[in-house]
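Asks: Sequence and predicted structure, then a few things I'm wondering about:
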Amino acid sequence: MHFTNLLIVVAAAFVAPLALGLVPALKLPSVVLEIVAGIVLGPSVLGWVEVDQAVEVLATIGLAFLLFLAGLEIEFHKLRGRPLALASLGYALSFVVAIVGSFLLDAAGLAQSPLLVAIILTATSLGIVVPVLKDAGEIESGFGQLVVAAASIADFGAIVLLSLFFSREATGTGTKLLLLGSLAVLAVAIGVVVAGAERWSRLTAVFSRLQDTTAQIRVRGAFVLLVGFAAIAEHLGLEVILGAFIAGAVLTIVDRDRAMTHPQFRLKLEAAGYGIFVPVFFVTSGVRFDLNALTSSASTLARVPIFLGALLLVRGVPAMLYRSTVGTRRTVVAALLQATSLPFIVAATQIGMQLGKLSEANGAALIGAGILSVILFPLLALGVLHGGRMVVTGATAARGAA
């Protein structure tokens with residue numbers, strides 16, 4: 001195993017957010033610059049780096065960590081009542097619109113696997129939406145809770161559907177449903193065990209004593225949970241990203257007293273994820289990006305705005321359900337934020353291309369549309385929310401890697 005390629009990748013991951021910090025006028029999520037850096041450094045342009053064993057291992061862990069942190073973002077206590085009902089109905093409508101739109105794209109020769117494209121189009125990047133709402137001071141409002149609920153359901157729904165219909169191991173929808181049910185039961189069982197252990201005073205005292213020492217016992221426990229669920233999902237023939245997402249969701253449910261006993265725990269997990277593993281995944285995704293496939297013809301390049309419009313249509317139309325609750329302006333904001341998606345697109349297109357369900361050209365065009373969505377839609381959403389004043393703080397630009 002050699003570390004030269006990994007050195008170039010982690011150096012690019014370091015320089016990307018640093019460049020954004022040095023040029024604050026450049027309002028971009030760092031994930032965009034990380035992917036672009038990978039494209040430039042990879043075989044498509046300079047050819048300085050390739051994906052070898054060391055890069056592959058860290059990138060795979062980065063993808064798992066990304067979905068783990070996405071699961072950790074879900075605030076289940078807010079997923080109730082009218083926001084949950086509207087968000088669920090909105091996602092169901094999104095899926096219907098996505099299916100219809102994907103078959104139309106297939107008829108036009110733009111989507112050889114309509115179901116896969118439909119699933120990709122229904123996702124929303126919760127990790128990008130949450131900091132945007134925080135920066136706008138809307139995260140605790142009824143509107144903010146509604147958008148977070150919609151993004152959470154879209155994230156979870158897209159991952160489950162991808163695992164159900166496009167897992168690389170298990171065969172047969174019935175078998176996959178059984179395996180998904182088994183994974184859900186196991187998640188509940190592990191959650192009950194962990195929650196019960198947290199009420200054991202002696203164990204809690206040991207955790208409190210070790211959590212800020214070199215043992216970092218809570219971080220180690222979270223990593224065991226992440227790798228454990230990822231391994232179980234893989235063993236069952238399901239996607240690793242589903243196991244990682246469920247691990248984060250389980251930890252969110254059982255970790256109730258963090259504000260009193262371990263307020264730095266989540267920050268440590270984010271430091272490990274966003275500081276080490278996640279950016280390696282995004283830079284590596286750029287290295288793998290086939291720029292030649294995207295720019296090989298004008299018709300292929302034209303697919304980028306088509307897929308971008310499809311994202312806005314699929315996730316934006318259901319936001320009309322919120323109009324009577326939040327008003328017209330915030331409905332437009334919700335539509336734009338719900339159409340913001342990139343991490344899931346990157347992961348799903350890689351799976352689709354490995355399965356032969358997605359061409360290199362369509363995969364590149366979908367990622368290109370995702371990159372544009374995280375650049376344009378949050379900016380437009382904040383502009384509408386603030387009455388035309390384009391306001392983006394540094395936190396949004398720096399945190400966009402989620």
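Replies: Received it, and whenever you're ready, just let me know what you need.

Asks: By mean pLDDT, point me to the weakest helix or strand of this structure.
Replies: Lowest by mean pLDDT, DSSP states H and E among the helices and strands of the chain is helix 394-399, with a mean of 40.

Asks: Give me the below-cutoff pLDDT ranges for the protein.
Replies: Low-confidence segments of the chain (pLDDT under 70): 27, 77-79, 135, 167-173, 198, 256-261, 388-402.

Asks: residue nearest the centroid of it?
Replies: Note on the chain: the residue nearest the mean C-alpha position is residue 343, at 4.2 Å, using C-alpha atoms, centre = their mean.

Asks: I'd like to know how far that one sits from residue 33.
Replies: Distance, residue 343 to residue 33, by C-beta to C-beta, to the nearest Å: 15 Å. Any C-beta I mention is one placed from the backbone N, CA and C, and that applies to glycine too.

Asks: what do you get for residue 91?
Replies: For residue 91, the distance to residue 33 (C-beta to C-beta) stands at 30 Å.

Asks: Over to residue 241?
Replies: From residue 241 across to residue 33, the span is 23 Å (C-beta to C-beta).

Asks: can you check residue 103 too?
Replies: As judged by C-beta to C-beta, residue 103 and residue 33 stand 35 Å apart.

Asks: So the residue nearest to the centre of the chain sits against residue 66, correct?
Replies: Yes - the pair residue 343 / residue 66 is scored as a contact, 5.7 Å apart, by C-beta atoms under 8 Å.

Asks: In the chain, mark out all the strands, start to finish.
Replies: For the chain, applying DSSP state E gives no strands.

Asks: can I assume residue 316 is in contact with residue 336?
Replies: Yes - Residue 316 is within contact range of residue 336, at 7.1 Å (criterion: C-beta under 8 Å).

Asks: more crowded one of those two?
Replies: Neighbours were counted for residue 316 and for residue 336 using other C-beta atoms under 10 Å; residue 336 has more, 26 against 21.

Asks: which residues touch that one?
Replies: Neighbouring residues of residue 336 by C-beta atoms under 8 Å, 6 or more residues apart in numbering: 312, 316, 377-378, 380-381, 384.

Asks: Leaving aside the residues adjacent along the chain, what's closest to it?
Replies: Ranked by C-beta to C-beta, 6 or more residues apart in numbering and with sequence neighbours excluded, the top spatial neighbour of residue 336 is residue 381, at 4.0 Å.

Asks: How much space separates the one you found from residue 201?
Replies: Distance, residue 381 to residue 201, using C-beta to C-beta: 46 Å.

Asks: next one: residue 266
Replies: Distance of residue 266 to residue 201, computed by C-beta to C-beta: 23 Å.

Asks: Neighbour count for the two, which is higher?
Replies: Using other C-beta under 10 Å as the criterion, residue 266 and residue 201 rank with residue 266 on top: 18 against 8.

Asks: Just confirm the more buried one contacts residue 68, I think it does.
Replies: No - taking contacts as C-beta under 8 Å, residue 266 lies outside contact range of residue 68: 11.8 Å.

Asks: ok, residue 74 - how many residues close by?
Replies: Other residues lying near residue 74 total 23 when counted by other C-beta under 10 Å.

Asks: List the residues that contact the nearest residue to it once chain neighbours are set aside.
Replies: For residue 74, ignoring the flanking residues on the chain, the nearest one in space by C-beta to C-beta, 6+ apart is residue 152 at 4.7 Å. Residue 152 sits next to 73-75, 79, 87, 126 when contact means C-beta under 8 Å, 6+ apart.

Asks: just checking, residue 149 touches residue 84?
Replies: Yes - between residue 149 and residue 84 there is a contact at 5.8 Å, judged by C-beta under 8 Å.

Asks: How about residues contacting stretch 288-308?
Replies: 35, 38-39, 42, 44-45, 51, 105, 110, 121, 350, 359-369, 372-373.

Asks: try 6 Å this time
Replies: Contacts to stretch 288-308, defined as C-beta atoms under 6 Å, 6 or more residues apart in numbering, come from residues 39, 44, 110, 360-361, 364-366, 368-369, 372.

Asks: and residue 122, what does it touch?
Replies: Neighbouring residues of residue 122 by C-beta under 6 Å, 6+ apart: 94-95, 98, 158.

Asks: One more pass at 7 Å, please.
Replies: Going by C-beta atoms under 7 Å, 6 or more residues apart in numbering, residue 122 touches 91, 94-95, 98, 154, 157-158, 314.

Asks: From residue 70, how far out is residue 253?
Replies: In terms of C-beta to C-beta, residue 253 sits 15 Å off from residue 70.

Asks: ok, now residue 57?
Replies: Residue 57 sits 21 Å away from residue 70, going by C-beta to C-beta.

Asks: So between those two, which is more surrounded?
Replies: Taking other C-beta under 10 Å, residue 57 and residue 70 do not tie; residue 70 has more neighbours (26 against 13).
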